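Participant: coordinates for the following, if possible.
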Amino acid sequence: MAHLNSTVSFEKMLMKFISEEDPMQSMLKWLCERLMEVEVESKLCAEKSERNKERQGYRSGYRVRRFDTRMGTMYLMVPKIRNGGYIPFFVEAKKRSEAALMNVIQEAYVNGVSTRKIDKLTKTLGIESISRSQVSAITKDLNEQVEAFRSRKLEATYPVLWVDALYERIRDTQRVKNMAVLVVTGINLEGKRDILAVEPMYEESAATYTNVFDQLKERGLENVWLVVSDAHKGLVKAAREAFLGCSWQRCKVHFMRNILAHVSGKNKKSFAAKLKQIWLQPDYESAQKYANIFMNDYEVQYPQAISLLEEGLEESLQFFSFQEIDARKISSTNLLERLNREIRRRTRVVGIFPSMDSYVRLVTSYLIEYSEDWSSGRSYINPKIITEL
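Facilitator: Residues are numbered from 1 along each chain as shown. This next block holds a predicted model:
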């Protein structure tokens, strides 16, 4: 409930708050929303709808954001700014992702693996020194949130899963290794996206992937119609064995990259333009027909590329079995690629992570925020289409 009319007398406003279910929380919510309005007006140098030469930007509506306080959880109407964004001053370093980043830096100090880049960042954040006991206290709450998210109960059916791995340099004992964290994203029967798994991987094998899928099933997942991923043999084998009756869609983007690796540089652009048309055909039969013509045209000039295309073509066309769903959403792992880029943009400041736990903690913290936004946003795939399928 908004109380933005400043002409209402203070006594009348108090009476309105008293009639609320939780008067103190209602007062705090009103105060926070008024503070945000004042802060945005100051930032833009103009009031709402005001026209003046000093204006520094424009509003772009509102977004609902959850804010946890000692008085309970509130859902605030946070003003949006068209360019530059806006985060209320009182939302502070309480954001999970920011807390996780702080913790990574602190843990790096404790373990003696800080770099010059990390040192500059810590000074910017005002961190001069940190003890093990302080790190433990700071990370306890964050660890609980991350673990609760990673082990929460899942729905029985997720029609589509996208599976991909993030790779970072992580310190393991005394060595810095390239290690992976597997991210599994799915859509539920309402067509909304969700982060289902964030699991560290010390090796990429069928056994590792099987273990991840088994954990998903233990948390309640039963039915999957389509798994979209690259062509890692261990992943494909595990997906087929874990979800009987499920189709596997080979990511067309990864597939094209594999094929183009066998094409000369001067012809790569024209070859790629024609190759791409296979997956832009209106239906499965047209795609097969076009692919056959394409392979006949290039099999002499690029035998390795055409052999690879012929071998994996069928698995890259599985999205045609779900004609009602927008092919751009299920023919590749682009959904995860965009997500991964956002995560890397934030993790890049760390460089080398002090431990796998710190990396999982940071990545999961970002993904929790994405999951919350997705759950309250629009459906990624129309739920009517899913119901019909």
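
Participant: and the strand or helix carrying Tyr359, what does it pack against?
Facilitator: For Tyr359, the element it lies in under DSSP states H and E is helix 356-376. Applying 3 or more Cβ pairs under 8 Å, 6 or more residues apart in numbering; DSSP states H and E, one finds that helix 356-376 contacts helix 96-110, helix 132-150, strand 160-172, strand 175-187, strand 193-201, helix 334-347. The C-beta positions use only the backbone N, C-alpha and C, and glycine is treated the same way.

Participant: quick check: buried residues in the third one?
Facilitator: Spelled out, that is strand 160-172. The neighbour-count check on strand 160-172 (16 or more other Cβ atoms under 10 Å) flags 160-166, 168, 170-171 as buried.

Participant: now that strand against strand 193-201, angle please.
Facilitator: Here strand 160-172 runs at an angle of 40 degrees relative to strand 193-201 (axes from the mean of the first three to the mean of the last three Cα atoms, to 10 degrees).

Participant: what part of the protein, helix or strand, is modelled with the least confidence?
Facilitator: Every helix and strand of the chain was ranked by mean pLDDT, DSSP states H and E. The lowest is helix 116-124, at a mean of 56.

Participant: bridged to the residue lying closest to Tyr202 once chain neighbours are set aside, which residues?
Facilitator: Computed as Cβ to Cβ, 6 or more residues apart in numbering, the closest residue to Tyr202 that is not its neighbour in sequence is Met179, at 6.8 Å. The residues listed as beta-bridge partners of Met179 by DSSP bridges are Glu168.

Participant: ok, now which ones touch Met179?
Facilitator: 167-170, 172, 200-202, 356, 359 (Cβ atoms under 8 Å, 6 or more residues apart in numbering).

Participant: now the most centrally placed residue in the chain. Nearest residue, chain neighbours left out?
Facilitator: Centroid-nearest residue in the chain, with Cα atoms, centre = their mean: Leu339, separated by 4.2 Å. The spatially closest residue to Leu339, leaving aside those adjacent along the chain, is Tyr370, at 6.7 Å (Cβ to Cβ, 6+ apart).

Participant: helices of the stretch 151-300 of the chain, start to end?
Facilitator: 206-218, 233-242, 252-260, 265-276, 284-298 (DSSP state H, counting those that start in this stretch).

Participant: mind listing what Leu226 touches?
Facilitator: Applying Cβ under 8 Å, 6+ apart, the residues contacting Leu226 are 159-161, 246-249, 318-319, 321-322, 330.

Participant: would you mind measuring from the residue nearest to Leu339 to Phe213?
Facilitator: Counting by Cβ to Cβ, to the nearest Å, the gap from Tyr370 to Phe213 is 22 Å.

Participant: could you do Glu199 as well?
Facilitator: 10 Å.

Participant: and what of Glu37?
Facilitator: 48 Å.

Participant: between those two, which one's more packed in?
Facilitator: Phe213 (23 against 15; other Cβ atoms under 10 Å).

Participant: quick check: closest non-adjacent residue to the more buried one.
Facilitator: Closest to Phe213 by Cβ to Cβ, 6+ apart is Ala242, at 3.7 Å.

Participant: look up the pLDDT of the one you found for me, please.
Facilitator: pLDDT for Ala242: 93.

Participant: quick one, what contacts it?
Facilitator: Taking Cβ under 8 Å, 6+ apart, one finds 210, 213-214, 217 in contact with Ala242.

Participant: and the residue nearest to Phe255 when sequence neighbours are not counted, how many neighbours?
Facilitator: Spatial nearest neighbour of Phe255, chain neighbours left out: Ser316 (5.1 Å); criterion: Cβ to Cβ, 6+ apart. Ser316: 24 surrounding residues under other Cβ under 10 Å.
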